[in-house]
Every structure is written in C-alpha cells, then in structure tokens.
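Trainee: output the structure for:
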Amino acid sequence: MKRILAVALASACAALAAGAAAADAPPLKIGVVFSYTGTAPDNGLVLDSAMKAYLLQHKGMIGGRKVVILRRDDTGVAPDTAKRLAQELIVQDNVDFLVGSTFTPNAVAIATVSTQAKKPFCIVNAASTNVIGNAPYTIRLGVTSAQMVVPLGKWAAKNGIKAVYTVVADYGPAIDGANAFDQAFTSAGGKIVGEERVPSGTTEFGPYIQRVKDAKPDAVFVLVGAGAAPIAFFKTARDAGLSRAGMRVIAAGDALQEDALPSMGDEPAGVVSSLNYSAVHDSKFNRDFIAAFHASDNDPKHLPNFQAVAGYDCLAAIDKAMTSLKGSTDPDAIVAAWRGMKFESPRGPIEIDAHTRDITQNIYMRRTEKRGPIYVDAEFATIPGVRFDGAGL
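Mentor: Okay, the predicted model is just below:
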C-alpha cells in the first residue's frame with residue numbers, strides 16, 4: 001500500500017509539474033499572412049472566425065500553451081509583400097508557425113521563407129497541384145484544383161453529359177483545374193467541344209456565353225475563381241437562357257462559397273458543383289464547428305467556407321503534433337509528426353500524405369438549392385479519399 005501511495009504521489013507531482021511548466025511556457029506564436037483587403041477581404045475575416053472557433057473549443061490552448069495569433073495583410077496577389085511579411089514574422093516576432101495564404105503565388109513565396117528559416121508552414125489555400133514539393137517544412141490542408149474537379153468530370157460523364165464547353169479563368173490554378181477536368185471527363189467517355197480562356201476577374205461574360213449557346217453542348221463547365229466573376233457568370237448564363245435551351249451548368253465549388261451565395265440571388269439555383277466542404281455538411285463535428293464559428297464571428301451573415309475550414313484544421317494539425325511531442329516546436333519533429341497524420345475535420349476525415357505532405361480528403365458533389373430563405377450547397381454524393389492530384393486511394 002505504501003508503494004502504491006508513493007507511486008500515486010509521484011504521478012500527481014509529475015502532473016502538477018507538467019502543468020506548471022505549461023503555464024510558465026511563453027505563448028505559442030502563430031503568424032498568419034492572409035488577405036484582409038484587396039479583392040478578397042472577407043476571406044481574412046472568415047478565416048479569423050474559424051481560428052477563433054478552434055481556440056474557443058480548446059480553451060485558448062494549443063499543445064498545452066496559450067496562443068497568440070499575429071495577423072498580417074498581404075493585400076491580394078502580392079508575393080513580394082507576402083514574403084516580406086513572413087520574414088518579419090519570423091525575424092522580428094519570432095513566431096513558431098506560419099499559416100496562409102489566399103493566393104497561390106503568395107503561398108509559394110511564404111513556403112520559400114519557411115524553407116530558408118526551417119519554420120513549419122500550413123497552407124490554407126493554394127490550388128495549383130505542384131506547390132509544396134520543394135518546401136520540406138510546408139503542408140497543405142486546403143484543396144487543389146485537380147482534387148476539386150476530377151470527381152466532377154467523372155460524375156458528369158456518368159450522368160448523361162456527353163459534350164461540355166469549358167469557361168476557365170486565364171491563370172495558373174484555373175488552367176491546372178481545367179486540364180484535370182478535361183482529362184477526367186474525356187477518359188470517362190465525354191467530349192470537350194470548346195474552351196474559353198477569360199481574363200482573371202472579368203465580369204463580362206456575354207460573348208463567351210453566346211459562343212457556348214452556339215456550340216449547343218450538354219453542359220458548360222465554369223472555373224473562374226471566387227468573388228464577382230462567378231456571380232456575373234451565373235447571371236449572364238441565366239439571362240441567356242442556357243437551362244431553357246437544355247444546357248446544364250456545372251462548376252468548380254470555389255465559385256459557390258457559402259459566404260458568397262447571399263450575393264448571388266437565384267442565379268446559381270440547381271448548379272452542380274464539387275468541393276471538399278459545404279457549410280451544411282451533415283456531421284456533429286461540423287455542427288459543433290458552426291456553433292463555435294458563430295460564437296466567434298461578429299457578422300451573423302458570415303458562414304465558414306472551405307478556406308476557413310482549412311485554417312481551423314491547420315490549428316488542429318499544430319495542436320496534435322505538439323501534443324504528441326509534449327509541447328515541442330522543433331521543426332523537424334513537427335513535420336515528422338505531420339507525415340501520415342489522420343484526424344476528423346468539419347469537412348470529414350482528412351489525412352496528410354506521409355510522402356507528399358499534401359492532403360487526402362473527401363470531395364462532395366453538391367447541388368445549390370434553397371432551404372428556407374437561403375441557398376446552400378447541398379451534398380448528394382461523397383467521393384472518399386481523393387488525393388491532391390485528383391486520384392483516389
């Protein structure tokens with residue numbers, strides 16, 4: 001009995017000492033480089049609320065330490081600015097981790113800094129396939145264009161769509177996605193009957209839609225990014241009567257982000273899209289996340305989008321790695337802990353590939369439909385275990 005009491009007392013002392021050490025440890029510093037102004041200002045606000053939601057659910061702690069998040073505004077597509085901000089966060093603020101960014105060029109710039117400084121970096125959004133291969137301290141928890149649209153191409157070919165006309169923004173990630181969609185659709189028996197490359201951010205789709213109508217495809221596939229461009233595209237397509245002429249619209253899911261749907265009116269009703277997340281994803285984990293998100297957000301109209309969920313999961317990945325390492329932030333140990341890591345997310349199960357450090361996740365087929373007073377991206381099919389290059393496990 002004395003021996004048992006001694007062991008119990010030693011265990012209790014060790015736990016108290018560990019707790020005291022955690023309490024005495026300096027705050028964990030996470031540097032976020034994201035867009036708070038420019039063409040996508042709401043992205044930063046929604047990301048902030050998602051990270052606050054994680055901290056709310058975990059009592060403000062990650063890896064046993066209090067957390068300080070240092071936010072920096074990259075102002076838009078500005079890789080030089082993103083690089084400078086990442087360097088300042090490391091050198092001047094001594095952050096332990098980096099999180100970002102809204103745009104692929106910025107993510108590549110931050111990843112370069114991460115590599116030079118051996119500072120772990122978690123990418124929230126950078127949709128080009130080949131981004132992190134030469135960045136050994138970087139992981140990606142967002143979604144790639146190929147991952148997003150390959151399931152859509154296969155679905156279209158299997159669901160009566162034999163001929164597709166594509167309308168694609170003329171920038172890297174969109175072209176990457178268009179090539180992946182084309183290959184998936186044609187390899188499943190479909191035919192691409194025309195393609196339009198449109199200036200990034202354009203809102204003038206009239207001439208392109210007219211060429212689509214003239215070609216008379218079964219469907220038009222649109223990948224023009226987020227913001228004003230998809231709003232204008234869906235309105236032009238509806239005004240031109242594509243659906244009345246028997247032509248369907250299918251889209252990369254980033255065009256139908258939840259926080260943008262209220263600005264689109266009835267225009268995207270019935271559009272089928274594919275993405276790794278919907279705010280109405282039916283799981284307790286997601287419902288709990290939504291509740292914490294609303295508790296953390298000042299604007300009741302905001303809903304988390306796929307980038308917000310990736311930011312939430314970046315904090316989860318940091319937390320799980322540090323916890324497994326008993327609070328260590330050693331960069332090589334952190335990356336080793338990330339390799340092969342699996343955990344549940346508001347979007348469903350995710351895995352960080354042990355070799356590529358990229359994400360494997362479910363992709364959902366969604367249909368934009370009205371539920372009560374609002375439109376949502378209602379999931380109707382799940383494609384499990386899709387790799388970053390669009391391939392399944």
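
Trainee: please name the nearest non-neighbouring residue to Ile329.
Mentor: Residue 329: Thr, not Ile. Excluding its sequence neighbours, the residue lying closest to Thr329 (Cβ to Cβ, 6 or more residues apart in numbering) is Asp96, at 4.7 Å. For every residue, glycine as well, the C-beta is placed using N, CA and C.

Trainee: same check on Val280?
Mentor: Distances taken as Cβ to Cβ, 6+ apart place Val376 nearest to Val280, at 4.7 Å, with adjacent residues excluded.

Trainee: Arg238 now?
Mentor: Computed as Cβ to Cβ, 6+ apart, the closest residue to Arg238 that is not its neighbour in sequence is Glu267, at 5.3 Å.

Trainee: same deal with Arg72?
Mentor: Leu85 (4.2 Å).

Trainee: which element is the one you found on?
Mentor: Taking DSSP states H and E as the definition, one finds Leu85 inside helix 79-91.

Trainee: could you do Lys370 as well?
Mentor: With DSSP H and E as the criterion, Lys370 is inside strand 359-371.

Trainee: ok, that strand: who's next to it in the sheet?
Mentor: Applying DSSP bridges, strand 359-371 is found paired with strand 272-275 (antiparallel), strand 348-352 (antiparallel), strand 374-386 (antiparallel).

Trainee: pull the residues that contact the helix holding Leu85.
Mentor: 31, 33, 70, 72, 74-75, 95, 98, 100-101, 105-110, 112-114, 117, 119 (Cβ atoms under 8 Å, 6 or more residues apart in numbering).

Trainee: and the next helix or strand past it?
Mentor: Taking DSSP H and E, what comes next after helix 79-91 is strand 97-100.

Trainee: now do that next one: which elements does it pack against?
Mentor: Using 3 or more Cβ pairs under 8 Å, 6 or more residues apart in numbering; DSSP states H and E, the elements in contact with strand 97-100 are strand 28-34, helix 79-91, helix 104-117, strand 121-123, helix 306-324.

Trainee: circling back to that earlier point, quick check: the residue nearest to Arg238 touching Ile231?
Mentor: Yes - the pair Glu267 and Ile231 passes the contact test of Cβ atoms under 8 Å, sitting 7.1 Å apart.

Trainee: before we move on, the earlier item: and the gap between the residue nearest to Thr329 and Lys83?
Mentor: Distance, Asp96 to Lys83, by Cβ to Cβ, to the nearest Å: 19 Å.

Trainee: these two - which one has more neighbours?
Mentor: Applying other Cβ atoms under 10 Å to Asp96 and Lys83 shows that Asp96 carries more neighbours, namely 23 against 20.

Trainee: got a list of what the more buried one touches?
Mentor: Contact analysis of Asp96 by Cβ under 8 Å, 6+ apart lists Leu28, Lys29, Ile30, Lys119, Pro120, Thr329.

Trainee: reformat the residues you listed as CSV; add neighbour count, distance to Lys213 and pLDDT.
Mentor: Formatted as CSV, these follow (neighbours: other Cβ atoms under 10 Å; distance: Cβ to Cβ, whole Å; pLDDT from 0 to 100):
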residue, neighbour count, distance to Lys213, pLDDT
Leu28, 22, 55, 98
Lys29, 18, 54, 98
Ile30, 23, 49, 98
Lys119, 22, 51, 98
Pro120, 27, 50, 98
Thr329, 18, 57, 98
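
Trainee: now the terminal residues of stretch 203-219, how far apart.
Mentor: 20 Å (Cα to Cα, to the nearest Å).

Trainee: can you list contacts of the helix or strand hosting Met51?
Mentor: Using DSSP H and E, Met51 maps to helix 41-57. Residues outside helix 41-57 that contact it (Cβ under 8 Å, 6+ apart): 32, 34-36, 61-62, 67, 69, 71, 73, 102, 124-125, 259, 288-289, 292-293, 295-297, 299, 302-305, 307-309, 311-312, 315-316, 319.

Trainee: so what's the residue nearest to Asn362 when sequence neighbours are not counted up against?
Mentor: Counting by Cβ to Cβ, 6+ apart, Asn362 lies nearest to Gly348, which is 4.5 Å off, once chain neighbours are set aside. Gly348 makes contact with His281, Ser283, Gln361, Asn362, Thr382, according to Cβ under 8 Å, 6+ apart.

Trainee: swap the cut-off to 7 Å and go again
Mentor: Ser283, Gln361, Asn362 (Cβ atoms under 7 Å, 6 or more residues apart in numbering).

Trainee: whichever of these end up buried, select them in ChimeraX.
Mentor: Only the buried entries of the contacts of Gly348 go into this ChimeraX selection, using 16 or more other Cβ atoms under 10 Å:
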select :361,362
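
Trainee: for the strand holding Lys370, buried residues please.
Mentor: Under 16+ other Cβ under 10 Å, the buried positions of strand 359-371 are Ile359, Thr360, Gln361, Asn362, Ile363, Tyr364, Met365, Arg366, Arg367, Thr368.

Trainee: if we can go back for a sec, what's the most buried one of the helices and strands packed on strand 97-100?
Mentor: Mean neighbour count (mean count of other Cβ atoms under 10 Å) peaks for strand 121-123 among the helices and strands packed on strand 97-100, with a mean of 28.

Trainee: that one pairs with which strands?
Mentor: With DSSP bridges as the test, strand 121-123 is paired with strand 97-100 (parallel), strand 138-140 (parallel).

Trainee: contact partners of that strand?
Mentor: Contact partners of strand 121-123, identified using Cβ under 7 Å, 6+ apart, comprise 97-100, 107, 110-111, 114, 132, 137-142, 314, 317.

Trainee: average pLDDT for that strand, rounded please.
Mentor: Averaged over strand 121-123, pLDDT sits at 98.

Trainee: what's the answer for stretch 211-227, then?
Mentor: Stretch 211-227 shows a mean pLDDT of 94.

Trainee: buried residues, it. List them.
Mentor: Neighbour counts over stretch 211-227 (16+ other Cβ under 10 Å) mark 212-213, 217-227 as buried.

Trainee: I am finished for the moment; much appreciated.
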